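Trainee: Here's my sequence, what's the structure:
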Amino acid sequence: MKIVHLQSVVTSSGNAPYRLHKFLLENGIDSKMIVQQKKLNDDTVSLYKNNDIERFLISNFRIFLENFIVNKILKMLKKITFSTWKIGVKISKHDWIKEADIIHLHWINGGFISLNEIKELLKLDKKIIWTFHDNAPFTGGCHVRSGCNEYMKNCEECPIVGSKIFKNYPKKVMEKKSLFFDNHKNLKIVTPSKWMMDNVNRGNIFKKNPKYIIPNVLDEKIFKKLDKKSCREILNLKQDKKYILFGAVSINDPNKGYKELLEALKILKGKNKYNNLEILIFGRNKIQDKLPFEYTELGEVNSEILLSIIYNAADIFIGPSHEESFGQVFNESIFCETPAIAFNGSGSSDIIEHLKNGFLAEPYSPKDLVVGIEFFLDNPKEVISVDRMRKKNIYEKLKKVYGLEI
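Mentor: Below you'll find the predicted structure:
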């Protein structure tokens, strides 16, 4: 049984599709990946075309063209991630695709795979699995809906496309998806959380396709409880401080919740009860606002081992996103036995057990984020519950969706 995964980009710090790919390899399954951007050394992962022209010129031009259409032609009224489903490569001609028994689609946007090319893949009469890592597959183009439910009406009145000429573009995308995908027996849908599956089921596409909820795979040999003192020594952190960790979030993306996070930290500072508190920040984005507490920026992390050390060094992890299809960072933190704080109501609610391994705050209340922070700062010995049976359950679900034995 040969499986090939399609994913726009993979990095050495890992993402959900790459972790799944490695898991399959570890269990003796013939798995490969084709990507648009490759930022690691792994012979089982291949660029669409493995040459410098594709790597440095053509792939970047596709990404530029996709962004140009979104920003200059569709004239988006909000700063959200939006895909046209128009730009892509002829992936169906790739040798690994021809050899595969199963094609597993993941996050394929950003100029990688177009709707027309998915149609061509379906013509190959192979098993097609599509994991929805955000909302884009079942909307007219939005990756994050931000409360918009127009996709339930096929995006007939899109509130964010500013172009008068192309105002109906999302509706046409929905019509095309319905034409291509409805009732296609070879196409199975996977979501990483119940919340995401509920969103899919409210829409008008993929009504009759087989659907499965399969959480993302996590390497428990890496993300596990480590000695906090040793982790802090490695990172040159102080032993007598309390550390709140978060990933550097985009200030320009409302979904990332930076506004709510900053307000929560200001409220916490005003209580004047945590004088030994410091903020740890990892990620590529630089903090542009002065935070109310002393903070350390750890920069972009390109190692899962280092990431595990960072989680273990912290007392709390906080992720203020409004919407998460699953919430991989919460999962990582919890398996390192560092409590995670998130807003209730999206994929993170599948992971966090309220007041046990984390806190589910009222959306989108900075004050309630503070309640969660205080709860775990004031109860540092709170028992962290981790479902170690979860991975075994994932194995069983993968067997069913792929139709193979692991």
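
Trainee: Could you export stretch 187-207 as PDB, CA atoms only?
Mentor: Taking only C-alpha atoms (Å, rounded to 0.1, in the frame of the first residue of the first chain), the coordinates of stretch 187-207 have been written out as PDB:
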ATOM      1  CA  LEU A 187     -13.200  11.000  -1.600                       C
ATOM      2  CA  LYS A 188     -13.100  10.700   2.200                       C
ATOM      3  CA  ILE A 189     -13.100  13.700   4.500                       C
ATOM      4  CA  VAL A 190     -11.100  13.900   7.700                       C
ATOM      5  CA  THR A 191     -11.200  16.700  10.300                       C
ATOM      6  CA  PRO A 192      -8.900  16.800  13.400                       C
ATOM      7  CA  SER A 193     -11.700  17.900  15.800                       C
ATOM      8  CA  LYS A 194     -15.400  17.600  16.400                       C
ATOM      9  CA  TRP A 195     -15.800  21.400  16.100                       C
ATOM     10  CA  MET A 196     -14.400  21.300  12.600                       C
ATOM     11  CA  MET A 197     -16.600  18.400  11.600                       C
ATOM     12  CA  ASP A 198     -19.700  20.200  12.900                       C
ATOM     13  CA  ASN A 199     -18.700  23.200  10.700                       C
ATOM     14  CA  VAL A 200     -18.400  20.900   7.700                       C
ATOM     15  CA  ASN A 201     -21.800  19.300   8.300                       C
ATOM     16  CA  ARG A 202     -23.500  22.600   8.400                       C
ATOM     17  CA  GLY A 203     -22.400  23.400   4.900                       C
ATOM     18  CA  ASN A 204     -23.900  22.200   1.600                       C
ATOM     19  CA  ILE A 205     -20.800  20.500   0.200                       C
ATOM     20  CA  PHE A 206     -19.400  17.000   1.100                       C
ATOM     21  CA  LYS A 207     -22.900  15.900   2.400                       C
END
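
Trainee: Could you pull up the mean pLDDT of it?
Mentor: What stretch 187-207 shows for mean pLDDT is 95.

Trainee: what's that stretch in contact with?
Mentor: Stretch 187-207 is contacted from outside by 16, 122, 127-133, 135, 138-139, 145, 149, 151-152, 154, 174, 177-178, 181-182, 209-216, 324-327, 345-347, 349-350, 401, using C-beta atoms under 8 Å, 6 or more residues apart in numbering. Quick note: C-beta positions are derived from backbone N, CA and C, even for glycine.

Trainee: Next SSE downstream of the strand or helix carrying F180?
Mentor: Element membership of F180 [criterion: DSSP states H and E] is helix 169-181. As assigned by DSSP H and E, the chain's next helix or strand after helix 169-181 is strand 187-191.

Trainee: in its sheet, what does that next one sit against?
Mentor: Applying DSSP bridges, strand 187-191 is found paired with strand 127-131 (parallel), strand 211-213 (parallel).

Trainee: how about JSON lines for those, with distance to S308, mean pLDDT and mean neighbour count added?
Mentor: Written out in JSON lines, the entries for those read as follows (distance: least, C-beta to C-beta, whole Å; pLDDT from 0 to 100; neighbours: other C-beta atoms under 10 Å):
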{"stretch": "strand 127-131", "distance to S308": "24", "mean pLDDT": "97", "mean neighbour count": "22"}
{"stretch": "strand 211-213", "distance to S308": "26", "mean pLDDT": "94", "mean neighbour count": "16"}
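
Trainee: now these in a markdown table, with distance to T191?
Mentor: What follows is the strands paired with strand 187-191, written out as a markdown table (distance: least, C-beta to C-beta, whole Å):
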| stretch | distance to T191 |
| --- | --- |
| strand 127-131 | 7 |
| strand 211-213 | 6 |
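
Trainee: what about N41, distance to N302?
Mentor: Plainly put, N41 is 12 Å away from N302 if you go by C-beta to C-beta, to the nearest Å.

Trainee: Contacts made by stretch 13-31 with the rest, please.
Mentor: In this structure, residues lying in contact with stretch 13-31 by C-beta under 8 Å, 6+ apart are 1-5, 7, 9-10, 32-33, 40, 44-45, 104, 106-107, 131, 133, 192, 216-219, 301-304, 307, 326, 328, 404, 406.
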